[in-house]
Structure formats: structure tokens, C-alpha cells
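**Student:** next one to model:
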Amino acid sequence: MRLNTLATFLSAALLATAASSAFAGEVVVSAAASLTNAFKDAAQSYEAQYPGSKVSLNFAASGVLLQQIVKGAPVDVFASADQETMDAAQKQGLVLAADRHDFVGNSLVLIVPHDSKLDIKRLDDLAQKGVTRVAIANPASVPVGRYSEGALRKVNLWDSVQPKAISTQNVRQSLDYVARGEVDAGFVYGTDAAIVKDKVKVVLEIPLDTPVTYPIATIKGSANAAEAKRFVSYLQTAQAQAILAKYGFKKP
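**Tutor:** Just a heads-up that it's a prediction; the model follows:
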């Protein structure tokens, strides 16, 4: 009886070990630049919870990440800062639609250098002569740029502000320009502004017709599909959501 019990116990232990090993490995995650700080913490937490796993992170503008995937970059998970880019990935058959989830939300804000003397409180203040440089991410490839352009067009300000635009490659570059005082104002996400509160001021949270939500999905044909799905699922857990909330991300 004891031998049978021991054998059963050992078999269960071996199965558990095998299941863990099936997941263990490296998962490559391409994520929107605005997720940089939060995902670094989330990846460390994930690796601590699942010993043997490794999360490699690649950050850039969502559109740039999509083009990397199109060209065959070895990616397992894609996290975009907007639905439009993920829709494009899905239409091209690059991600598994069944694994797609909205996992966080954000806000669009207008920021100025912390020591700014300009009177900027509303969007139409950007049209004043004293404002000459406004950081706006490239709308063609960066979601925050599209949100910014849409907000300005809604109040008929795009034509007057666009000539002042300093085009950036991603939201973090816009943040850096404002933080260093190289521009008079800039459009970023609320989570980005919160990182450098001592260097920038949020003067306006901009209402949007389409809320800022972040979808995530596993890549079709991922070399480590099991690990990729587990990481996507992990981001839905209370533990991961608490990490994201710490950086100002909202529930979608």
C-alpha cells in the first residue's frame, strides 16, 4: 500500500514538473513604448512566479513594432497602444484573434515643461504666437500621434498647430523633449507624464471620442506558444494589474 501511494505521489510530481517545463523558456514581447516601465516590473514578477521562464522585452511605437512583425521578427506577444494597429495585425493574420484581450487603458494629456512661463491651459492656447514648438508623435505610426491629431481636428486646430509640430518617433521621445524644455508643449499619455512629475506639468487631460485602450495578443506561429499564452493570461491577474495600476494604467 505504501509503495503504491509513493508511486502515485512520484508520478504526480513528475507530471507537475513536466507541465512546468513545457511552459519554461524565453518569450519575446514587443510592446508599445508607453508600457516600458510597467512591463519591466511585470516581467520581473512573472519570472519570479515561474522559475525558468525568461521575458525579453522590445519597446517602440506600435506601428514600428507591427512592421517588425510583418518582416518576420521573432516575436511571441504583441501589445499595442491602440486598437487600430492590432486590427491591422489581426487582418494580416499575424496574431491569434482568440487570444486577443484589452488589458489596460490610458489617457491623453497635454504637458508643458515644469518651469514653463507660457499660459497654456487649453488646446486653443497652442495657437498663440508665443507657442512655437509642440511635440506630436508621428500619426502615421504612433497611436498617441493619431489621438493627438484627432483631438486637434475635432476643435479645428490641426491646421494652426501642425506647422509648429516637432514630429517624434514615439511617446517617450515627446516626453523627453518636454522634460528637457526643448519644446513648449507636447502630447503624451497620462502614465508617461507621471514618470517625470518634477520635470513636466499636466495642463489638460483631453477628452476623446475613442478611449485609449491597449490590446495584447499572441503571435500566430509563435516559437513558444504555451509561454506566450501564459504571459498574456498573467497580465489579466490581480498581481499584474496592480503593477500596471502603480504606473497609472486604468482598467480597460
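
**Student:** next, count neighbours for the residue nearest to Gly190 when sequence neighbours are not counted.
**Tutor:** Leaving aside its sequence neighbours, Gly190 sits nearest to Ser107 (C-beta to C-beta, 6 or more residues apart in numbering; 4.0 Å). Any C-beta I mention is one placed from the backbone N, CA and C, and that applies to glycine too. The number of residues packed near Ser107 is 20, by other C-beta atoms under 10 Å.

**Student:** now do the one helix or strand Ala42 maps to: distance to the chain's middle.
**Tutor:** Element membership of Ala42 [criterion: DSSP states H and E] is helix 36-49. How far helix 36-49 lies from its chain's middle: 13 Å, per C-alpha atoms, centre = their mean, to the nearest Å.

**Student:** check for me that Tyr214 belongs to a helix.
**Tutor:** No: counting by DSSP: H, G, I helix; E, B strand; the rest coil, Tyr214 falls outside a helix, being strand.

**Student:** that one and Met86, how far apart?
**Tutor:** Noted for Tyr214: a distance of 9 Å to Met86, by C-beta to C-beta, to the nearest Å.

**Student:** quick one: common contacting residues for the two?
**Tutor:** Ser80 (C-beta atoms under 8 Å, 6 or more residues apart in numbering).

**Student:** residue contacts, Lys220?
**Tutor:** Contacts of Lys220 (C-beta under 8 Å, 6+ apart): Gly93, Leu94, Val95, Leu96.

**Student:** mind doing that once more with 10 Å?
**Tutor:** Ile69, Ala89, Gln90, Gln92, Gly93, Leu94, Val95, Leu96, Ala97, Asp99 (C-beta atoms under 10 Å, 6 or more residues apart in numbering).

**Student:** thinking again about what came up before, so the residue nearest to Gly190 makes contact with Ala81?
**Tutor:** No: assessed by C-beta atoms under 10 Å, Ser107 is found out of contact with Ala81, at 12.0 Å.

**Student:** overlap in contacts of the two?
**Tutor:** Tyr147, Tyr189, Val212.

**Student:** okay, now the first one: neighbour count?
**Tutor:** To tie it back to what came earlier, the one meant is Tyr147. Quick note: Tyr147 (other C-beta under 10 Å) scores 25 neighbours.
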